[in-house]
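[1] the following comprises the amino acid sequence and a computationally predicted model.
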Amino acid sequence: MAKVTIIGATGQVGSYAAHAVSQFPHVQEMCLYGRPGNEQFLDGLAHDMMDSFAARGTNTRVTFGTNPKELRGSDIVVLTSGVPRRSDQTRLDLALQNAKIVRHYAEQVGRMAPDSILLVVTNPVDIMTTVALKYSGMMPHRVFGLGTHLDSMRLKACLAEFFNVHVSEVHTRIIGEHGDTMVPMWSATTIGGIQIDNMIGIAKLPREEMIERVKNSGSYIIKAKGATVFGPGDAIATLIRTIVEDENRMLTVSTQIRREIFGHEGVCISVPARITRGGVFPIGVRLSITETAMFGESVKLIKDMTEKVCAALDAESQESE
Ligand SMILES: NC(=O)c1ccc[n+]([C@@H]2O[C@H](COP(=O)([O-])OP(=O)(O)OC[C@H]3O[C@@H](n4cnc5c(N)ncnc54)[C@H](O)[C@@H]3O)[C@@H](O)[C@H]2O)c1
Ligand SMILES: O=C(O)C[C@H](O)C(=O)O
């Protein structure tokens, strides 16, 4: 049984994720957490969710609050607080502003629930995952980001549509940045267990168009309806289910990489990882020559930006001392 806390539960992604995650039988308590001043909204949200659970026959207890003590006893904390981008912005444009918010909550989680598993959703998610790891002081296998799990699901949907098969027949993953330098792992893409290069009699796969569609998916949805909600919310829910039910699945999430496995280090970025009740454990894989070069570019971009953001946060802390 598990207590899951959603920080930023008043937001679009946080509130949908809280509802989606509560359906899992192993989730005993769902704690809706927000910033001071949002108590009335959280109270209303809790009541609305309890009505839904009565209608659906869900037994999860809903609690809410804005005091850091609410974080105590959490097995999993999901951090969704932060500013979302407009369709004319990139996720990287949000880095400094959101890093301050993520630092604040990461420090609270590190103090109140240091043995929990912290899932970071706030964008730019790879940089925010390193910020959360640094300021929570938690173990690297206990802090991870949604990363390219959502992008991998978007590519999966494109491939299922192209091959006209059920999504469960498609296995694929995107590694690297949750952003423009993401790297599709065509070498690990199979349809019905068959590597895509070995499929005969199928029209040529429009790889470039597909990956462009995945890259632009977030801004496309934001332009049309203001925010991406169901995609990220259910991607979060899958990760939480994998942890609480100890499913040992291999998914692609943002996690701190080590030189001996990935040739790069000192940064959180998406790679295949085994996800268990004990945490998230990256798995080294051999990439094609093109994938290796693209992954290197992606790591470089995220590492440079992460260093700049962490330096700005450190400078700010020193000034206020
Ligand atoms: N990684 C992903 O795949 C992914 C997917 C969707 C959204 N996101 C990111 O998640 C974040 C939230 O998105 P959303 O659509 O729910 O936004 P939203 O505006 O609906 O909600 C924002 C939440 O953050 C809180 N917040 C805002 N500023 C704050 C501050 N200064 N201090 C404390 N709390 C603050 C708000 O109270 C609210 O709970 C954004 O950064 C967005 O880019 C990431
Ligand atoms: O695109 C965004 O800003 C939101 C999120 O990262 C997404 O990919 O849906």
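    Happy to help now that I have it. Ligands and ions are numbered 1, 2, ... in the order given.
[2] the residue of the stretch 1-150 of the chain found nearest ligand 1 and residue 224, how far apart?
    Nearest to ligand 1 in the stretch 1-150 of the chain, going by CB to the nearest ligand atom, is residue 11, at a distance of 2.3 Å. (C-beta placed from N, C-alpha, C; glycine too.) Look at residue 11 and residue 224: by CB to CB, to the nearest Å, they are 19 Å apart.
[3] and those two? Which one has more around it.
    The residue with more neighbours, out of residue 11 and residue 224, is residue 11; 22 against 8, by other CB atoms under 10 Å.
[4] look at residue 251 and give its secondary structure.
    At residue 251, secondary structure determined by DSSP: H, G, I helix; E, B strand; the rest coil is strand.
[5] can you get me a residue count around it?
    Neighbour tally, residue 251, other CB under 10 Å: 22.
[6] quick one: residue 230 from ligand 2, how far?
    10 Å (CB to the nearest ligand atom, to the nearest Å).
[7] run a quick neighbour tally on that residue.
    12.
[8] contact partners for it?
    residue 16 (CB atoms under 8 Å, 6 or more residues apart in numbering).
[9] phi, psi of it?
    Here is the backbone geometry of residue 230 (degrees, to the nearest 10): phi -70, psi -40.
[10] offset the numbering so it begins at 823, please.
    Taking 823 as the first residue, the last one we looked at is residue 1052.
[11] before we move on, the earlier item: the residue of the stretch 823-972 of the chain closest to ligand 1 and residue 900 touch, don't they?
    No - between residue 833 and residue 900 there is no contact under CB atoms under 8 Å: 11.1 Å.
[12] related to what we said a few turns ago, mind listing what the residue of the stretch 823-972 of the chain closest to ligand 1 touches?
    Here residue 833 is in contact with 902, 903, 906 (CB under 8 Å, 6+ apart).
[13] what do residue 833 and residue 900 both touch?
    Here residue 833 and residue 900 share no contacting residue, scored by CB under 8 Å, 6+ apart.
[14] who wins for neighbours among the contacts of residue 833?
    If you count neighbours using other CB under 10 Å, the busiest of the contacts of residue 833 is residue 902, which has 28 neighbours.
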